[in-house]
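> kindly generate the corresponding structure for this input.
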Amino acid sequence: MKENQKITTYPNSKNTKTETYQDGDAFITRHFYNGKNAYVKEFITVKDGIKTVKHNTEKGVMSKLEHFVDELRQGIETRYFVSKADGSAKSTKTYDQGKLHGENITYNEMGKIIKHEVFATGKLVLKYFGEDNDNGEITNVEIIDEDNVKNLPVDEYEKLQTLRS
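Okay, the predicted model is just below:
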């Protein structure tokens, strides 16, 4: 057993066992799942009040990166294409104090944006659309929640004003 290792079992869950231990200044958690000897490994570090969690597959490929402040999601959460194993982003979501706040973008395996939404304090406010062109320019915007436009992050509000004019 590793130093300070804690093993937890989950009898009625897909997650059958969790190991947690400390390695230097990082806490490492490995989640084992039913039906295969596969696991997701979480590398958790805390620095200056920000907890960073890196999720890796059993083969060591990063699948997700997220950040927390006071146990609330904060900043950009990135999910990666595990099949490509090259660090290509599958999606990015922006959080502020645990709520979606800012751009949320989904990409295809070629790196092209397939969904582009903007949230304000947890509510979907905008959807951006682009033509099928190579430059990825935004050509149209749909306002979903006019009442929350004023709550958008400053840069998103300014972008919307530019697109409206």
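
> does D96 touch G102 like I think?
Yes. If you go by C-beta atoms under 8 Å, D96 and G102 touch, sitting 7.2 Å apart. C-beta coordinates here come from the backbone N, C-alpha and C atoms, glycine included.

> for G136, give me the pLDDT.
pLDDT, G136: 59.

> show me where the protein has its helices.
Using DSSP state H, the helices of the chain run over 154-164.

> tell me the domain ranges of it?
The chain resolves into domains spanning 1-60, 73-165 when parsed by automatic domain parsing.

> out of those domains, which one sits most buried?
For these, the largest average neighbour count (mean count of other C-beta atoms under 10 Å) is found in domain 73-165, namely a mean of 15.

> what distance separates that domain from the centre of its chain?
12 Å (C-alpha atoms, centre = their mean, to the nearest Å).

> that older thread, in JSON lines, list the domains of the chain along with distance to E66.
Below are the domains of the chain laid out as JSON lines (distance: least, C-beta to C-beta, whole Å):
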{"stretch": "domain 1-60", "distance to E66": "5"}
{"stretch": "domain 73-165", "distance to E66": "4"}
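
> quickly, which of these bottoms out on average pLDDT?
Across the domains of the chain, domain 1-60 gives the lowest mean pLDDT, at a mean of 71.

> now the strands for the chain?
Assigned by DSSP state E, the chain shows strands spanning 6-9, 15-23, 26-33, 39-47, 50-56, 62-69, 72-73, 75-80, 89-96, 99-107, 113-120, 123-130, 138-143.

> select, out of the ones you listed, the one closest to N151.
Of all the strands of the chain, strand 113-120 sits nearest to N151, with 3.8 Å by C-beta to C-beta.

> now for that closest one, which elements pack on it?
strand 99-107, strand 123-130 (3 or more C-beta pairs under 8 Å, 6 or more residues apart in numbering; DSSP states H and E).

> F129 reaches V141, doesn't it?
Yes. Taking C-beta under 8 Å as the definition, F129 is a contact partner of V141 at 7.1 Å.

> what do those two both touch?
In the contact map built from C-beta atoms under 8 Å, 6 or more residues apart in numbering, no residue is linked to both F129 and V141.
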